[in-house]
Every structure is written in C-alpha cells, then in structure tokens.
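> Got a sequence here, can you model it:
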Amino acid sequence: METNGLGGDRCELTEIGTVLVGGGELHETWESLVRPVQPLTRGIERFTGITQGMVDAARPPAEVLPEVAERLEGRVLVAHNASFDTRVLRQAFVRCDLEWPAPPVLCTVAMARRFAPLVGQRKLALLADALGIEVRDVHRALPDAITCARIFCALFPKLSANARSVGEAVALLRSRRARRHPARTR
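Sure thing, here's the model as predicted:
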C-alpha cells in the first residue's frame with residue numbers, strides 16, 4: 001500500500017494493491033487508489049507518482065476497504081514491514097467503522113532477517129535484488145505487492161521447513177522482544 005506519508009492518526013491510505021499467492025505462484029492481482037482526507041504533499045507526490053488529482057478522483061476508503069476485507073477473508077496477509085501496513089489498514093477500518101478482519105500476518109522483513117541473514121539491506125527493492133528478483137517499479141502499491149509476493153515465494157521453502165502451520169510461522173517470525181513480552185503485542 002501507499003499512504004499520504006503523514007504520521008500517526010493523520011496517516012491515510014492513498015493506494016492499495018493485492019496479489020493472491022498459491023503454490024509458489026502469483027495469481028490474481030487487484031489495485032485501487034483511495035481518496036484520503038488530508039491533501040498530499042509535493043514530496044509524497046514525487047516519491048510515489050500519485051498526484052492529488054488521482055486521489056481526488058478515487059473512491060473513498062469506505063468503498064475500497066470492504067473489497068480488501070473480502071480479499072483477506074480466510075487468507076494470510078503478507079507484507080513488507082507488516083507492522084506498519086497492519087497498523088495503517090486497521091486504522092483505516094476503524095475510521096470507516098468497519099470490522100478489521102484480523103488475518104494472520106507474516107512479514108517479509110522478518111522472513112529475510114531469519115532466512116537470509118547475510119542480506120544486509122532489507123528495503124523491498126534491495127532485498128529483492130539480493131534474492132535475484134527483478135524489480136521494475138517501486139513506491140506504487142501493486143508493483144510493490146508483486147515484489148513482496150515474489151520475496152515471500154523465494155523464502156517460503158525455508159519458512160515451511162521451520163513451521164508446520166500458519167500459527168507456528170507467525171510465532172517464529174515475531175520479534176524477539178514480542179516473544180519475551182507477549183502481552184505487549186496486542
């Protein structure tokens with residue numbers, strides 16, 4: 001996903017993209033621009049290529065998020081720097097008075113720390129490059145989701161060799177601090 005780049009409660013979705021992954025392959029893709037309340041800064045427009053005009057013409061979050069919830073139903077959410085993405089998504093659901101689907105979450109940054117420790121850079125494009133994954137576009141939701149999905153597929157054999165279930169995978173990839181202080185993860 002892409003956001004307006006603002007901090008805390010002012011952080012809003014501007015674009016979301018999803019990729020369905022199964023059997024080590026990328027399947028169905030989906031993307032949508034999202035109309036934020038806060039105006040975009042020139043810096044975020046330059047960074048993402050998403051303009052104020054594009055988001056002004058986009059659907060509001062209350063129309064986009066039910067589709068996101070449907071896509072997450074019964075699935076695992078995989079994201080790069082997943083704690084940020086889930087925080088922003090959950091915040092968007094709350095703002096729209098929609099129930100957060102609370103999918104199990106796996107983070108490709110955590111997967112890389114655990115299963116590709118010699119790769120020094122964990123930024124999406126740099127990690128992909130280190131794993132031999134071609135990256136065409138960056139800082140747009142669907143291309144980043146595709147890159148994240150390819151990273152997940154590249155690291156999945158190592159994950160599945162160490163975890164027999166989604167629950168075990170989530171627990172394995174939780175930060176050391178979260179494992180020591182489980183009450184703080186909620």
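> quick one: contacts for Leu131?
Going by C-beta atoms under 8 Å, 6 or more residues apart in numbering, Leu131 touches Ala116, Val119, Ile151, Ala154, Leu155. Every C-beta, even on glycine, is put in place using the N, C-alpha and C of the backbone.
> please redo it, this time with the cut-off set to 7 Å
Leu131 makes contact with Ala116, Ile151, Ala154 under the criterion C-beta atoms under 7 Å, 6 or more residues apart in numbering.
> Gly24 now?
Per C-beta under 7 Å, 6+ apart, neighbours of Gly24: Cys153, Phe156.
> so who does the most centrally placed residue in the chain touch?
Geometric centre of the chain, nearest residue: Ala79, 3.3 Å, by C-alpha atoms, centre = their mean. Residues in contact with Ala79 (C-beta under 7 Å, 6+ apart) are Asp85, Val105, Cys107, Cys148.
> what do you get if the cut-off is 8 Å, keeping everything else the same?
Ala79 touches Asp85, Thr86, Val105, Leu106, Cys107, Thr108, Cys148, counting by C-beta under 8 Å, 6+ apart.
> How about the fourth one, nearest residue that isn't a chain neighbour?
Once flanking residues are discounted, Leu106 sits nearest to Val78: 4.8 Å by C-beta to C-beta, 6 or more residues apart in numbering.
> For Ala102, see how far away the residue nearest to the centre of the chain is.
14 Å (C-beta to C-beta, to the nearest Å).
> that older thread, in three-state terms, label the residue nearest to Leu106 for me.
Under DSSP: H, G, I helix; E, B strand; the rest coil, the three-state class of Val78 is strand.
> And for it, the neighbour number?
Counted with other C-beta atoms under 10 Å, the neighbours of Val78 add up to 23.
> do the same with Asp144
Neighbours of Asp144 (other C-beta under 10 Å): 24.
> Please, which helix or strand holds it?
helix 141-162 (DSSP states H and E).
> List the contacts of that helix.
Counting by C-beta under 8 Å, 6+ apart, 1-2, 15-19, 21, 24-26, 29-31, 78-80, 106, 108, 111-112, 114-116, 124-125, 127-128, 131-133, 135-138, 169, 172-173 sit against helix 141-162.
> Of those residues, which belong to strands?
Among the contacts of helix 141-162, DSSP state E puts 2, 15-19, 21, 25-26, 29-31, 78-79, 106 in strands.
> For stretch 85-105, output the C-alpha coordinates as CSV.
Presented in CSV, the C-alpha positions along stretch 85-105 are these (Å, rounded to 0.1, in the frame of the first residue of the first chain):
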residue,chain,number,x,y,z
ASP,A,85,0.9,-1.9,7.0
THR,A,86,-1.4,-3.6,9.5
ARG,A,87,-1.4,-0.5,11.7
VAL,A,88,-2.4,1.7,8.8
LEU,A,89,-5.0,-0.8,7.5
ARG,A,90,-6.6,-1.4,10.9
GLN,A,91,-6.7,2.4,11.5
ALA,A,92,-8.5,2.9,8.1
PHE,A,93,-11.0,0.2,9.0
VAL,A,94,-11.7,1.9,12.4
ARG,A,95,-12.1,5.3,10.7
CYS,A,96,-14.8,3.8,8.4
ASP,A,97,-16.5,1.9,11.3
LEU,A,98,-15.7,-1.4,9.6
GLU,A,99,-14.6,-4.6,11.3
TRP,A,100,-10.9,-5.3,10.9
PRO,A,101,-10.7,-8.9,9.5
ALA,A,102,-7.6,-9.6,11.7
PRO,A,103,-5.9,-12.1,9.4
PRO,A,104,-2.7,-13.9,10.4
VAL,A,105,0.2,-11.7,9.4
